[in-house]
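*Asks:* give me the fold of what follows.
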Amino acid sequence: GAALLLLALDLLLSLGQRGLIGRPARLALLALALVAPLAPARAQQNDLPLVTRIGYVVTDDPSADEVARQGLVGLSDYVNRRTAAALGEPVAVRPGQDDLSVLPLLYWPILPEAQAPDPAAVAALNDFMRSGGIILFDTRDEGSGEGFSPGAREALQRVTRSLAIPPLAPVTAEHVLTRAFYLLQDLPGRFAGGQVWVSREEDRANDSVSPVIIGGHDWAGAWAVDARGSNPFAAIPGGTRQRTLAYRFGVNLVMYALTGNYKGDQVHVPAILERLGN
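*Replies:* Coordinates of the predicted model:
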């Protein structure tokens, strides 16, 4: 921008010296006077760091949205402390209204009353997945009692009916999600058990990364941290150990979103086998 301004100023002076415009010095000073007030603001904006963030889809249920926010805050903090990644504050998004292209990962809690997204949101979400983004759909219904969410799976069908969801299959022990950072056998959240689903087929155009991950484990509930730094929701039935595994799954999820199938490369197999042996 500064170079273009100097070029314009040079052009004004050159035209003035050739007699094509009058009073070149006065024009140059006027140009500088118009541009100078903008320079500090522009410099200040450019000093803002570009930070990687993960997002959550707004549900319009204040309670569910707050759990999602607390969960991604807790996960981002855990990722920042345990890895070399640097995540900023998570952001709430409304597909079709907000730009999704800057986000590698979206968490979407599916409520029983959730309705199908409108055409603009469908187009934005399909473009997001086609461009390499990952959506974690969480029906939060694997538990019983507190937090149980009957009707969420039917809602998931409504929400995803118009989305470009590929054929799905359960996560296997060989999937990159189980070893993107930590070696995991289970992928629990606040609730344990049940299947976690990913794309069945490899999409070479997207580095064979699944654009969707689906489960009902209430992962945000397990990751959530309140204003006092405490975990407000119990991990059932495994308690502290289960919550640790939930955080580790979250780290694997973020690494999967950021690096794709990097850990699926055969060069990593000997080290992984050695760690499994230990």
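*Asks:* hey, let's count contacts and neighbours off CA atoms from now on
*Replies:* Fine.
*Asks:* next up, the contacts around F128.
*Replies:* F128 sits next to L100, S101, I134 when contact means C-alpha atoms under 8 Å, 6 or more residues apart in numbering.
*Asks:* so of the residues you listed, which ones are in helices?
*Replies:* If you go by DSSP state H, those have nothing in helices.
*Asks:* least confident pick among those residues?
*Replies:* Minimum pLDDT across the contacts of F128 is recorded for S101, with 92.
*Asks:* may I have the phi/psi pair for that one?
*Replies:* phi -70, psi -20 (degrees, to the nearest 10).
*Asks:* wait, what's in contact with it?
*Replies:* F128, S131, G133.
*Asks:* just give the nearest non-adjacent residue to L177, would you?
*Replies:* N252 (5.9 Å; C-alpha to C-alpha, 6 or more residues apart in numbering).
*Asks:* now the one helix or strand that neighbour maps to: how far from the chain's centre is it?
*Replies:* Using DSSP states H and E, N252 falls within helix 239-259. Relative to its chain's centre, helix 239-259 lies at 14 Å (C-alpha atoms, centre = their mean, to the nearest Å).
*Asks:* any stretches of the stretch 151-278 of the chain with poor pLDDT?
*Replies:* 202-207, 263-278 (pLDDT under 70).
*Asks:* rerun that using 50 as the cut-off
*Replies:* 266-268, 276 (pLDDT under 50).
*Asks:* who does the nearest residue to A64 once chain neighbours are set aside bridge with?
*Replies:* Sequence neighbours aside, P109 is the residue nearest to A64 in space, at 7.6 Å (criterion: C-alpha to C-alpha, 6+ apart). Beta-bridge pairing of P109 under DSSP bridges involves D138.
*Asks:* count the residues that sit near P109.
*Replies:* 26 (other C-alpha atoms under 10 Å).
*Asks:* again, but for the one 10 residues further on
*Replies:* Using other C-alpha under 10 Å, P119 is surrounded by 12 other residues.
*Asks:* which stretches of the stretch 151-278 of the chain form strands?
*Replies:* Along the stretch 151-278 of the chain, counting by DSSP state E, counting those that start in this stretch, strands occupy 168-170, 197-199, 212-215.
*Asks:* could the ones you listed be laid out in CSV, adding distance to G229 and mean neighbour count?
*Replies:* Output for the strands of the stretch 151-278 of the chain, formatted as CSV (distance: least, C-alpha to C-alpha, whole Å; neighbours: other C-alpha atoms under 10 Å):
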stretch, distance to G229, mean neighbour count
strand 168-170, 34, 15
strand 197-199, 31, 21
strand 212-215, 26, 21
